[in-house]
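K.L.:
pasting a predicted model and its sequence here:
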There are 2 protein chains.
Amino acid sequence: MTTLHIVDDDEAIRDALGWLFQSRNVPVIGWESAQAFLDAWTPETTGCLLLDIRMDGMSGLELFDRLLAQGSRMPVIFLTGHGDVPIAVGALKKGARDFVEKPFNDNELVDRVIGALAFDHDQRVREAGQAGLAARIASLTQRERQVMELVVAGRLNKVIAEELGISMRTVEVHRSHVFEKMRVKTAVELTRLLTGAG
Amino acid sequence: MTTLHIVDDDEAIRDALGWLFQSRNVPVIGWESAQAFLDAWTPETTGCLLLDIRMDGMSGLELFDRLLAQGSRMPVIFLTGHGDVPIAVGALKKGARDFVEKPFNDNELVDRVIGALAFDHDQRVREAGQAGLAARIASLTQRERQVMELVVAGRLNKVIAEELGISMRTVEVHRSHVFEKMRVKTAVELTRLLTGAG
DNA sequence: GAGGCTATTGTGGAAATCCGCAGAACCTGC
DNA sequence: GCAGGTTCTGCGGATTTCCACAATAGCCTC
């Protein structure tokens, strides 16, 4: 199960939210500052983020920006006491998942968090597949990659041989190595794999 | 050039926005009510929508909902005088492109509208391609569609013949008809076409 | 220098695809 | 009824792909 990270400099709020979510069987970690979370964050950190906008030191928005800059795609739900439409709009357009004003409805917030956690999980499953794919592509040699691109572009071996200025036989060898390393049996399967089709 | 549709029941605002956009060479049509726009709307209506939230009769949000229900994907920018975060968040999560509070910065609004118009145009170009594709698929016979699906799934003719309980030769005939009607030469090209790859 | 990886090419055969020619059964519309 | 579209099949040959066996050569590492 993935974890909800609550970042709020108000200990009372962290505790209250902690109780709320633990009572719903959602694992929670509280962070007393944006910097504390950012220091602990790694690309492997999973779950979702419940983030107060106004905090001493680094604001929630700034933390969001820094996470994005570091390539994070963890879903972020902002929590704010004083509604400000331009801030909300800006945050959502940057990719925040939600923006909730206090006081909030407990059940609604829990639902949104659970939705965000599920999204993060699905996203990670997808990315794991992509990572496996990337590893397989990385195991190809230069020449094999060239041949693969042309195969996936729909070229016949004969044409590929001409374009690369090598013999058809060599293309065949590379092609079969590509199929083997990419673990597919046909050019169509390879195409589906690389274009991310179902 | 596509058109900006301004829906606002305040004639003074329609006029002011009309002047603003016409001075920047953005074609504008003003609508005095949500209902008036909705009555005139067809799936072929192009451009983007600048939509006041609070209006007599149908509200901007309700118009947005109705357009979505009718399959519109025209970009919508909401304009509102009295900021309300939950409304803004809800609109953006439903797919609104932007949510701007009055008073707004003229240049910024113009930029956002131009961006929305460009987006609509690109979207329509993509959809036009998809429509041509749909027409080609529609010209296939039942059997040809079945064979096509299996070809794109990476099956060999031999396997397809078994699965459909027909001879390999028949599969070959259907397959070549599919290639002809879909205007491709190889199974890989067909796969790319159907999976929407570059 | 031996061993491994990469890239290259050839021979030859099995399997699969591509394609024209020919024919038949079924159904629909004029 | 006949023309036309759809579905089905076979034969034979050209083209392409797949694959095992075999070999040469450059580069890098131990």
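P.N.:
Sure thing, it's come through.
K.L.:
list the buried ones in stretch A:139-153?
P.N.:
Buried residues in stretch A:139-153, counted by 16 or more other CB atoms under 10 Å in any protein chain shown: A:140, A:143, A:144, A:146, A:147, A:148, A:150, A:151, A:152, A:153. The way it works is simple: take the backbone N, C-alpha and C, and place the C-beta from them, glycine included.
K.L.:
what sits closest to the second one if chain neighbours are left out?
P.N.:
Nearest residue to residue A:143, sequence neighbours excluded (CB to CB, 6 or more residues apart in numbering or on different chains): residue A:174, at 5.7 Å.
K.L.:
can you say which helix or strand has that neighbour in it?
P.N.:
When elements are assigned from DSSP states H and E, residue A:174 belongs to helix A:168-182.
K.L.:
residue A:103 belongs to a strand, doesn't it?
P.N.:
No: per DSSP: H, G, I helix; E, B strand; the rest coil, residue A:103 lies outside any strand segment and is coil.
K.L.:
what is the longest helix seen in chain A packed up against?
P.N.:
If you go by DSSP state H, chain A has its longest helix at helix A:106-138. Packing partners of helix A:106-138 (3 or more CB pairs under 8 Å, 6 or more residues apart in numbering or on different chains; DSSP states H and E): helix A:11-23, strand A:48-52, strand A:76-80, strand A:98-101, helix A:168-182.
K.L.:
is the helix or strand immediately after it in the chain up against DNA strand D anywhere?
P.N.:
The element immediately downstream of helix A:106-138 (helix or strand, assigned by DSSP H and E) is helix A:142-152. No: figure legend: helix A:142-152 not in contact with DNA strand D (CB under 7 Å from any atom of the strand); closest approach 8.2 Å.
K.L.:
cool, and stretch A:172-186?
P.N.:
Yes: contact between stretch A:172-186 and DNA strand D, assessed by CB under 7 Å from any atom of the strand, occurs at A:172, A:173, A:175, A:176, A:179, A:186.
K.L.:
nearest to chain B among those residues?
P.N.:
Chain B has its nearest neighbour among the residues of stretch A:172-186 next to DNA strand D in residue A:186, at 5.0 Å by CB to the nearest CB.
K.L.:
enumerate the residues of chain A near chain B.
P.N.:
Applying CB under 8 Å from any CB of the partner chain, we find that chain A lies next to chain B at A:80, A:83-86, A:88-89, A:92-93, A:98-101, A:151-154, A:156, A:184-189, A:191-192, A:194-197.
K.L.:
in stretch A:127-138, what's buried?
P.N.:
Neighbour-count burial for stretch A:127-138 flags residue A:137 (criterion: 16+ other CB under 10 Å).
K.L.:
please enumerate residues in contact with it?
P.N.:
A:145, A:181, A:182, A:183, A:193, A:194 (CB atoms under 8 Å, 6 or more residues apart in numbering or on different chains).
K.L.:
setting the sequence-adjacent residues aside, check what's closest to the third one.
P.N.:
Using CB to CB, 6+ apart and skipping the chain neighbours, the partner closest in space to residue A:182 is residue A:136 (5.4 Å).
K.L.:
tell me the most buried of the helices and strands packed on helix A:106-138?
P.N.:
strand A:48-52 (a mean of 26; mean count of other CB atoms under 10 Å in any protein chain shown).
K.L.:
list the strands paired with that one, with their directions.
P.N.:
Strand A:48-52 has its sheet partners listed here by DSSP bridges as strand A:4-7 (parallel), strand A:76-80 (parallel).
K.L.:
give me the angle between that strand and helix A:11-23.
P.N.:
Put simply, strand A:48-52 runs at 150 degrees to helix A:11-23, going by axes from the mean of the first three to the mean of the last three CA atoms, to 10 degrees.
K.L.:
what's around residue A:43, how many residues?
P.N.:
A count of nearby residues for residue A:43, using other CB atoms under 10 Å in any protein chain shown, gives 10.
K.L.:
and the gap between it and DNA strand D?
P.N.:
29 Å (CB to the nearest atom of the strand, to the nearest Å).
K.L.:
so that residue makes contact with residue A:72?
P.N.:
Yes: contact criterion CB atoms under 8 Å: residue A:43 and residue A:72 qualify, at 7.3 Å.
K.L.:
please tell me how far the residue nearest to residue A:182 sits from residue B:135.
P.N.:
Counting by CB to CB, to the nearest Å, the gap from residue A:136 to residue B:135 is 37 Å.
K.L.:
what do you get for residue A:30?
P.N.:
In terms of CB to CB, residue A:30 sits 57 Å off from residue B:135.
K.L.:
need the helices and strands packed on helix A:106-138 in CSV with mean pLDDT, can you?
P.N.:
Listed next are those as CSV, based on pLDDT from 0 to 100:
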stretch, mean pLDDT
helix A:11-23, 94
strand A:48-52, 95
strand A:76-80, 95
strand A:98-101, 94
helix A:168-182, 91
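K.L.:
burial check on the nearest residue to residue A:4 once chain neighbours are set aside, number of neighbours?
P.N.:
Spatial nearest neighbour of residue A:4, chain neighbours left out: residue A:28 (5.0 Å); criterion: CB to CB, 6+ apart. Residue A:28: 19 surrounding residues under other CB under 10 Å.
K.L.:
what comes into contact with stretch A:37-49?
P.N.:
For stretch A:37-49, the surrounding residues in contact (CB under 8 Å, 6+ apart) are A:2-5, A:7, A:27, A:31, A:58, A:63, A:66-67, A:70-72, A:74-77, A:97, A:113, A:116-117, A:119-121, A:124.
K.L.:
go with 6 Å
P.N.:
A:2-5, A:7, A:31, A:66, A:74-76, A:116-117, A:120 (CB atoms under 6 Å, 6 or more residues apart in numbering or on different chains).
K.L.:
what about stretch A:166-179 and DNA strand C, touching?
P.N.:
Yes: shown here: stretch A:166-179 in contact with DNA strand C (CB under 7 Å from any atom of the strand) through A:166, A:167, A:169, A:170, A:173, A:174.
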